[in-house]
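In: Sequence and predicted structure are below.
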Amino acid sequence: MKLQSRHLLGLEGMSKEELTLILDTAVSFREILDRPIKKVPPLQGKTVVNLFFESSTRTRISFELAERRLSADVVSFATAASSVGKGETLKDTARNIEAMKIDMVVIRHSAPGAAHFLSRVVDANVINAGDGAHEHPTQGLLDMFTLRETFGTLEGLRVCLVGDITHSRVARSNIYGLRTMGAEVTVCGPQTLIPHDIERLGVRVYHRLEDIIPHVDVFNVLRIQLERQKSGLFPSLREYHRFFGLTKERIDRAGKPITIMHPGPINRDVELSADLADGEHSVILQQVTNGVAIRMAVLYLLGASN
Ligand code: CP
């Protein structure tokens, strides 16, 4: 069994078998992360370039660690210190870097479709590390890995994504991946932050947390993008927290444990209370650890196809 594509651009259209292959491969890499020596040789002699045109903490560090743990040579690119500021196009930047003989590119960019575009203009394998509000496939995969680790299966699992669905690449990758794996996905948030046609992706929509709390196993809480407040999509952070903030008090009313996830960075006490973020049912730091294993699996499966 192999992945169908030489690139990882999104989870939309990937089969259950392909997603399972990545999740199963990550299990072996997750074990390596607990060893005293965490380095293995599969990408020895390969060069990976990380092109981050947008800010990132978790994803960039996680990819760099994954690449180094697979023994790749790693080059990381910071927009501020590059020729992009001098007006160079994405295509020219990428083709010039590729002329230095690289094998794989990891790209984060504010434009939806940037990774797809890059995959058409370079020969290297391209991995999407987040393209605008479109997809963040490795985040979707690490979320699924964490849920499979916690519950044993994704089949029939009831997952609710809470918050700004419209602007969230994490939401889209989770919806595509989880639905393919047989989970039941719902979304909950203000009308202004949920696309009107989201139901065509096979999810149910709720606008009140109280209506969905009794029917979920997992809340994946999305970051409220503070920059959106200026555009009037919700009146104030205080009001958002009152209606859509997940708090221990709210969850306790369910009378059963609900697993709490967040892709980070968290706005504490806005979308998620600090006691829930740090509580016994939070798997937020597990998600971060598993991110390295998932990225090792993706790099390994794509790098092996060269
Ligand atoms: N989850 C995530 O993509 O975080 P960063 O923006 O810090 O990479």
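Out: Yep, that arrived. Numbers count the residues shown, from 1 in each chain.
In: What residues sit buried inside stretch 46-63?
Out: Across stretch 46-63, burial judged by 16 or more other Cβ atoms under 10 Å covers 46-54, 56, 58-60, 62-63. Where you see a C-beta, it was placed from the backbone N, CA and C, and this is true even at glycine.
In: Run through those residues and flag the ones next to the ligand.
Out: Residues shared between these and the neighbourhood of the ligand are 56, 58, 59 [Cβ under 6 Å from any ligand atom].
In: Quick check: phi and psi on residue 156?
Out: phi 80, psi 0 (degrees, to the nearest 10).
In: ok, now residue 159?
Out: Note on residue 159: its backbone torsions stand at phi -120, psi 130 [degrees, to the nearest 10].
In: switch to numbering from 32
Out: Got it, first residue is 32 now, which makes that one residue 190.
In: That one contacts residue 251, correct?
Out: Yes. With contact defined as Cβ atoms under 8 Å, residue 190 counts as touching residue 251 (6.1 Å).
In: Not counting the lowest-mean-pLDDT helix or strand in the chain itself, show me its contacts.
Out: The helix or strand of the chain with the lowest confidence, counting by mean pLDDT, DSSP states H and E, is helix 121-129 at a mean of 85. Residues outside helix 121-129 that contact it (Cβ atoms under 8 Å, 6 or more residues apart in numbering) are 80, 82, 84, 106, 108, 113-115, 136, 140, 145, 148-149, 152-155.
In: I believe residue 158 is in a helix; please confirm or correct that.
Out: No. Residue 158: not assigned to a helix; according to DSSP: H, G, I helix; E, B strand; the rest coil it is strand.
In: those strands in the stretch 182-331 of the chain, which residues are they?
Out: Under the criterion DSSP state E, counting those that start in this stretch, the stretch 182-331 of the chain contains strands at 189-193, 215-219, 235-237, 249-252, 290-292.
In: Output these as JSON lines; include the columns mean neighbour count.
Out: Shown next, in JSON lines, are the strands of the stretch 182-331 of the chain (neighbours: other Cβ atoms under 10 Å):
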{"stretch": "strand 189-193", "mean neighbour count": "23"}
{"stretch": "strand 215-219", "mean neighbour count": "22"}
{"stretch": "strand 235-237", "mean neighbour count": "16"}
{"stretch": "strand 249-252", "mean neighbour count": "26"}
{"stretch": "strand 290-292", "mean neighbour count": "23"}
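In: Now render the ones you listed as JSON lines, adding mean pLDDT and distance to the ligand.
Out: Compiled in JSON lines, these are given as follows (pLDDT from 0 to 100; distance: least, Cβ to the nearest ligand atom, whole Å):
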{"stretch": "strand 189-193", "mean pLDDT": "98", "distance to the ligand": "14"}
{"stretch": "strand 215-219", "mean pLDDT": "98", "distance to the ligand": "18"}
{"stretch": "strand 235-237", "mean pLDDT": "98", "distance to the ligand": "24"}
{"stretch": "strand 249-252", "mean pLDDT": "98", "distance to the ligand": "11"}
{"stretch": "strand 290-292", "mean pLDDT": "98", "distance to the ligand": "11"}
